[in-house]
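Visitor: How does the following fold in three dimensions:
(one chain, ligands or ions: 3)
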Amino acid sequence: MEDWSHCLDVAVQIALRAGQVVQSAVKQEKQVSSKSTPTDLVTETDHQVEELIISTLREKYPTHRFIGEESSAAGVKCELTDDPTWIIDPIDGTCNFVHSFPMVAVSIGFAVRKELELGVIYHCFDGTLYTARKGHGAFCNGVRLQVSKEKDVSKALILTEIGAKRDPATLDIFLGNMKKLLSAPTHGVRIIGSSTLALCHIASGAAEAYYQYGLHCWDIAAAAVIIREAGGHVMDTTGGPLDLMSRRVVAAGTREIADCVVKQLQPINYGRDDTDPDDLA
Ligand SMILES: O=P(O)(O)O[C@H]1[C@H](O)[C@@H](O)[C@H](O)[C@H](O)[C@@H]1O
Ligand SMILES: [Mg+2]
Ligand SMILES: [Mg+2]
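Guide: Numbers count the residues shown, from 1 in each chain. Ligands and ions are numbered 1, 2, ... in the order given. Just a heads-up that it's a prediction; the model follows:
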């Protein structure tokens, strides 16, 4: 079994450096544009941070492959092979970043032979660092993480994110899912604007479950390792195995809560990260 601990150490150093860039940029004037929809925002800092992360990793690991949110948006094929692959969200919570709303993270995941090996998520506002390596536990600022062991969904706090589509049909399903979970009942539903930080709250036990349609592999990759190493479950919205490229996820501290969430969900189709654009033509 390969020892990827050196990759974790490198990823932590890069995430901290990237976080400094985000922290100094958040106070500056921003050039904001949009991608898939008018609410799917991107700034020059997203590009700058992704370039910093990928160029630094590529210099260290020239044979590794990279999947980055902004490279993918620019047309680079989003393809997970057996090669060691870094899966990067340079700024998770770009809309929050644009508004200086303090929930913004840098997320760096790493997979080998399509297995997620490690994850680093750095909260750019409060400096909280989440790390995990498969088989070696999950940590928040060096303190071991443990998910909530709650099995009763009526005592659960549920997190989700809205996703980029805002057409009436999508919003009807999104709000319908939230209504079903609120009336399960559960203690509540929260949306913080950063899927990676929300997923870290599952790993820390601060909330019991997360579900979303519309996020990407770069939102899931690092967080999935952190949640699993904290004793949690990360799966498809059908309850089956996680499909990293499917743009949908359910994560929970216990299988019982995950199954309750899965039962309530009506799907929203966001396609796949690894769909070849020519196939869509
Ligand atoms: O684009 P960034 O990297 O900011 O990621 C966010 C997505 O844009 C949202 O659709 C999604 O709903 C989540 O908020 C996710 O964090
Ligand atoms: Mg992003
Ligand atoms: Mg993101």
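
Visitor: Smallest gap between the stretch 101-250 of the chain and ligand 3, at which residue?
Guide: D219 (4.3 Å; Cβ to the ion). Bear in mind the C-beta positions are built from the backbone N, C-alpha and C, glycine included.

Visitor: Can the helix or strand containing that residue be said to contact ligand 2?
Guide: Here D219, judged by DSSP states H and E, is contained in helix 217-229. No. Using Cβ under 5 Å from the ion, helix 217-229 stays clear of ligand 2, coming no nearer than 6.9 Å.

Visitor: is ligand 1 contacted by that helix?
Guide: Yes. Helix 217-229 reaches ligand 1 (Cβ under 6 Å from any ligand atom) through D219.

Visitor: Please export the C-alpha coordinates of that helix as CSV.
Guide: Provided in CSV are the C-alpha atoms of helix 217-229 (Å, rounded to 0.1, in the frame of the first residue of the first chain):
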residue,chain,number,x,y,z
CYS,A,217,-16.6,16.2,-8.0
TRP,A,218,-14.3,19.0,-6.7
ASP,A,219,-16.9,19.9,-4.0
ILE,A,220,-17.1,16.2,-2.9
ALA,A,221,-13.6,14.7,-3.2
ALA,A,222,-11.7,16.1,-0.2
ALA,A,223,-14.8,16.2,2.0
ALA,A,224,-15.7,12.5,1.3
VAL,A,225,-12.3,11.4,2.7
ILE,A,226,-12.7,13.7,5.7
ILE,A,227,-16.3,12.4,6.5
ARG,A,228,-15.4,8.7,6.0
GLU,A,229,-12.3,9.0,8.2
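
Visitor: ok, then the element right after that helix?
Guide: Using DSSP H and E, the first helix or strand after helix 217-229 is strand 233-235.

Visitor: just checking, what packs against that next one?
Guide: helix 217-229, strand 248-252, helix 255-264 (3 or more Cβ pairs under 8 Å, 6 or more residues apart in numbering; DSSP states H and E).

Visitor: Tabulate the ones you listed (TSV), appending mean pLDDT and mean neighbour count.
Guide: Shown next, in TSV, are these (pLDDT from 0 to 100; neighbours: other Cβ atoms under 10 Å):
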stretch	mean pLDDT	mean neighbour count
helix 217-229	99	29
strand 248-252	99	26
helix 255-264	98	19
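
Visitor: Mind putting the ones you listed into TSV with distance to K27?
Guide: Below are those laid out as TSV (distance: least, Cβ to Cβ, whole Å):
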stretch	distance to K27
helix 217-229	25
strand 248-252	32
helix 255-264	38
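
Visitor: A207: which of the ones you listed is closest?
Guide: In terms of Cβ to Cβ, the element of these nearest to A207 is strand 248-252, at 9.3 Å.

Visitor: Could you tell me which residues make contact with the residue of the stretch 101-250 of the chain closest to ligand 3?
Guide: D89, D92, S107, S195, T196, L199 (Cβ atoms under 8 Å, 6 or more residues apart in numbering).

Visitor: how about a cut-off of 10 Å?
Guide: 69, 87, 89, 92-93, 105, 107, 109, 161, 194-196, 198-199, 212, 247, 249, 273 (Cβ atoms under 10 Å, 6 or more residues apart in numbering).

Visitor: give me the number of residues near the closest residue in space to it that isn't next to it in sequence?
Guide: Leaving aside its sequence neighbours, D219 sits nearest to S195 (Cβ to Cβ, 6 or more residues apart in numbering; 4.3 Å). Neighbour count for S195, taken as other Cβ atoms under 10 Å: 29.

Visitor: Would you agree S195 is in contact with S107?
Guide: Yes. Here S195 reaches S107: they are 8.9 Å apart, a contact under Cβ atoms under 10 Å.
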